[in-house]
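*Asks:* next one to model:
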Amino acid sequence: MVERYVMSVDQGTTSTRCILFDHAGRLVSVTQREHKQHFPKPGWVEHDAMEIWRNLERIAPEAVAQAGCSPDQVAALGIANQRETTVLWDRHTGRPIGHAIVWQDTRTDRLVDELAGHPQAEIVRERSGLPLATYFSAPRIRWMLDNRPGLRERAERGDVIFGTMESWLIWNLTGGPNGGLHVTDVTNASRTLLMDLTTLDWDDGLLTFFGVPRAMLPRIRPSTETYGPAKRVLPGVRIAAALGDQQAALFGQTCFAPGEAKCTYGTGAFLLLNTGTEPVQSTHGLLTTVGYQIGSEPAVYALEGSIAITGALVQWFRDGLGIISSAPEIETLARTVDDNGGCYIVPAFSGLFTPYWRSEARGIIVGLTSYITKGHLARAVLEATGWQTREVVDAMNADSGLALKALKVDGGMTADNLLMQFIADVLNVPVIRPMAAETVSLGAAYAAGLAVGYWPDLEGLRRNWHRAAQWLPAMDPVRRTVEYDNWHRAVERTFDWIKPEG
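*Replies:* A predicted model of the protein is given here:
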């Protein structure tokens, strides 16, 4: 019998990765290619969508070849993607309208302030479940339409269309200008500020509020469904799932029951809690979002805490300051000291996300004395991720009425044992890492495989989950309280750094 596999495409903030998985959820082959980060102005972050598409064209066949199989042995393809990153492109030529504007970008802060003063502004959170913030796609669409002459008219005709990265890749895979499918899934649509969380459709009131023409929007589909066959790169392979990367990680961590939670540590960090088939509105700065939707079944919702900068702070420590030459070195450097020496780093490079939503905040280092060494700075870098996680968990416990009993973790930063122990210490709960480190990719593969019958049901996926490591809390409670208070005082000093012009 010929072995069959499921391919996952993880289109992330810094790279695109293709992985083939087998029935046991084991990684069979992996290919990856980074793309350039463009920073044309302070606070602006852009990607070249064509570069990302060309990378996929190259690495997808490489992943198949590396596994020693042929495309007809790929049962299905699932896509996980960086969310909120906004691409506009010409439907007829397939060319993007300028660079994609990345989720970290804050150029729309003045526009968001203007919109927040509008009498109808309260409908945004009521209908979308999200705060009005620079983080999401709708203000970026509006900014692009306002700042390129003639673009709005083309969008109103449907000649210029919008998508997040999964829409862009699916459109290209299924033919591009020659009949490409213009679709998105409910998880990505739920991050635009334009979808009604209960109807799972574009909301006319929100479209009017943001000034976004319906003609440019993709069709919203379930996360797990066969959208159509690929016509390019892997002809004939069924594209059968799409999820925002953090929802894909929730799926890959098999958090299928209400109350189960995961946190993915990558460029930023994202903690999602499954809340079941009813959306829970947050009063503590969390996001209400769609977790996933399997075919025609009811959507499963989640509460999410979003931290803008975690792994990106380590990258800055390496590339911006040159204190370390590789990311893993930070743990070694941090272990040269016993504590942070009273130094705290708050990485509000793009403002602060959960629970503050302060786009004007900027990063600071506080508590500097002549005693501080690069070891203390390294520890403060790692501890920033721990304290930000604690703030999100506190908000989640308050909103859900539950006390988190354990946290499943994944992502590149989980290789740092010192950091994982610190997170267990400040949360005072066990932190658990699964055998499968690539949970974002695995979640996209699981969703696609489920759609085509490669895996029979959710319980079959649960049986693939195995624990690899666990960290138990060991911090003195008094120290935890004192240092958390210090952290909060540091955070307060980041507020109101960027003042409105005039």
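
*Asks:* ok, and the closest non-adjacent residue to Arg477?
*Replies:* No Arg there; residue 477 is Pro. Nearest residue to Pro477, sequence neighbours excluded (C-beta to C-beta, 6 or more residues apart in numbering): Asn428, at 7.9 Å. Where C-beta positions appear, they are placed from N, C-alpha and C, glycine not excepted.

*Asks:* look up how far Asp476 lies from the one you found.
*Replies:* 11 Å (C-beta to C-beta, to the nearest Å).

*Asks:* quick one, which of the two is more surrounded?
*Replies:* Neighbours per residue (other C-beta atoms under 10 Å) separate Asn428 from Asp476, with Asn428 holding more: 16 against 9.

*Asks:* residue contacts, the more buried one?
*Replies:* 473, 475, 477, 480 (C-beta atoms under 8 Å, 6 or more residues apart in numbering).

*Asks:* and those, which are buried?
*Replies:* For the contacts of Asn428, a burial check counting by 16 or more other C-beta atoms under 10 Å picks out 473, 475, 480.

*Asks:* out of the residues you listed, the closest to Ser441 would be?
*Replies:* Set against Ser441, the nearest of these by C-beta to C-beta is Pro473 (29.7 Å).

*Asks:* can you pull out the helices in the stretch 401-502 of the chain?
*Replies:* In the stretch 401-502 of the chain, the segments counted as helices under DSSP state H, counting those that start in this stretch are 417-427, 439-451, 458-462, 477-492.

*Asks:* ok, of those, where does mean pLDDT dip lowest?
*Replies:* Comparing mean pLDDT across the helices of the stretch 401-502 of the chain, the weakest is helix 458-462, with a mean of 89.

*Asks:* who are the packing partners of that helix?
*Replies:* If you count contacts as 3 or more C-beta pairs under 8 Å, 6 or more residues apart in numbering; DSSP states H and E, helix 458-462 packs onto helix 439-451.

*Asks:* so what does the helix it packs on touch, helix or strand wise?
*Replies:* strand 5-11, strand 15-21, strand 74-81, strand 224-229, strand 238-244, helix 245-252, strand 261-265, helix 458-462.

*Asks:* CSV for the ones you listed, including mean neighbour count and distance to Ser296?
*Replies:* Below are those laid out as CSV (neighbours: other C-beta atoms under 10 Å; distance: least, C-beta to C-beta, whole Å):
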stretch, mean neighbour count, distance to Ser296
strand 5-11, 28, 21
strand 15-21, 24, 25
strand 74-81, 28, 18
strand 224-229, 20, 9
strand 238-244, 30, 15
helix 245-252, 31, 17
strand 261-265, 27, 26
helix 458-462, 14, 16
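
*Asks:* dump those into CSV; add distance to Asp48 as well.
*Replies:* What follows is the helices and strands packed on helix 439-451, written out as CSV (distance: least, C-beta to C-beta, whole Å):
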stretch, distance to Asp48
strand 5-11, 13
strand 15-21, 12
strand 74-81, 16
strand 224-229, 25
strand 238-244, 21
helix 245-252, 19
strand 261-265, 25
helix 458-462, 35
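
*Asks:* quick one: closest of these to Arg335.
*Replies:* Nearest to Arg335, of all the helices and strands packed on helix 439-451, is strand 261-265, at 18.8 Å by C-beta to C-beta.

*Asks:* contacts for the helix or strand just after that closest one?
*Replies:* Going down the chain from strand 261-265, the next helix or strand is strand 269-276, by DSSP states H and E. With contact meaning C-beta under 8 Å, 6+ apart, strand 269-276 is reached by 246-247, 249-250, 255-264, 289, 291, 300-307, 310-311, 385, 388-389, 392-393, 396, 400, 404, 407, 411, 413.

*Asks:* still on that earlier bit, tell me the most buried of the helices of the stretch 401-502 of the chain?
*Replies:* helix 439-451 (a mean of 31; mean count of other C-beta atoms under 10 Å).

*Asks:* that helix: how far from the chain's middle?
*Replies:* Taking C-alpha atoms, centre = their mean, to the nearest Å, the mean C-alpha location of helix 439-451 is offset from the chain mean by 16 Å.

*Asks:* which stretches of this structure have low pLDDT?
*Replies:* Within the chain, the stretches with pLDDT under 70 are 1, 500-502.

*Asks:* hmm, 50 instead?
*Replies:* 502 (pLDDT under 50).

*Asks:* kindly list the longest helix within it.
*Replies:* helix 374-400 (DSSP state H).

*Asks:* report the distance from it to the chain centre.
*Replies:* So, by C-alpha atoms, centre = their mean, the centroid of helix 374-400 is 18 Å from its chain's centroid.

*Asks:* angle of that helix against strand 261-265?
*Replies:* 150 degrees (axes from the mean of the first three to the mean of the last three C-alpha atoms, to 10 degrees).

*Asks:* just the buried residues of helix 374-400, please?
*Replies:* For helix 374-400, by 16+ other C-beta under 10 Å, it's 375-396, 399-400.

*Asks:* which strands and helices sit next to it?
*Replies:* strand 261-265, strand 269-276, strand 300-307, helix 311-315, helix 329-334, strand 344-346, helix 417-427, helix 477-492.

*Asks:* so which of these comes closest to Gln37?
*Replies:* Gln37 sits nearest to helix 311-315 of all these, at 9.9 Å, using C-beta to C-beta.

*Asks:* list the buried ones in the closest one?
*Replies:* 311-314.

*Asks:* re the thing from before, closest one of the buried ones among the contacts of Asn428 to Phe349?
*Replies:* Arg480 (26.2 Å).

*Asks:* what's the distance between the closest one and Ala406?
*Replies:* 18 Å.

*Asks:* which residues touch Tyr301?
*Replies:* Tyr301 is in contact with 197, 274-280, 288-291, counting by C-beta under 8 Å, 6+ apart.

*Asks:* would you write a ChimeraX line that selects the buried entries of those?
*Replies:* Here is the ChimeraX command that selects the buried residues among these (16+ other C-beta under 10 Å):
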select :197,274,275,279,280,288,289,290,291
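
*Asks:* farthest pair in the contacts of Tyr301?
*Replies:* Leu197 and Asn274 (15.3 Å).

*Asks:* tell me if I am right that Leu56 is in a helix.
*Replies:* Yes. Counting by DSSP: H, G, I helix; E, B strand; the rest coil, Leu56 is located in a helix.

*Asks:* for burial, what's the neighbour tally of it?
*Replies:* 24.

*Asks:* what about the strands in the stretch 151-300 of the chain?
*Replies:* Here the stretch 151-300 of the chain has its strands, by DSSP state E, counting those that start in this stretch, at 160-163, 183-185, 195-196, 201-202, 219-221, 224-229, 238-244, 261-265, 269-276, 287-292, 300-307.

*Asks:* verify the stated contact: Asp399 with Leu287.
*Replies:* No. Look at Asp399 against Leu287 with C-beta atoms under 8 Å: they stay out of range, at 10.5 Å.

*Asks:* overlap in contacts, the two.
*Replies:* In contact with both Asp399 and Leu287: Leu303, using C-beta under 8 Å, 6+ apart.

*Asks:* mind listing what Phe136 touches?
*Replies:* Phe136 touches 84, 130, 191-193, counting by C-beta under 8 Å, 6+ apart.

*Asks:* from Gln37, how far out is it?
*Replies:* As judged by C-beta to C-beta, Phe136 and Gln37 stand 20 Å apart.

*Asks:* cool, Asp457 as well?
*Replies:* On the measure of C-beta to C-beta, Asp457 and Gln37 end up 40 Å apart.

*Asks:* compare these two (neighbour count), which wins?
*Replies:* Set Asp457 next to Gln37 and count neighbours by other C-beta under 10 Å: Gln37 wins out with 14 against 9.

*Asks:* okay, buried residues for the helix or strand harbouring Ile59 please.
*Replies:* Using DSSP H and E, Ile59 sits in helix 49-66. By neighbour count on 16+ other C-beta under 10 Å, the buried set for helix 49-66 is 49-53, 55-56, 59-60, 63-64.
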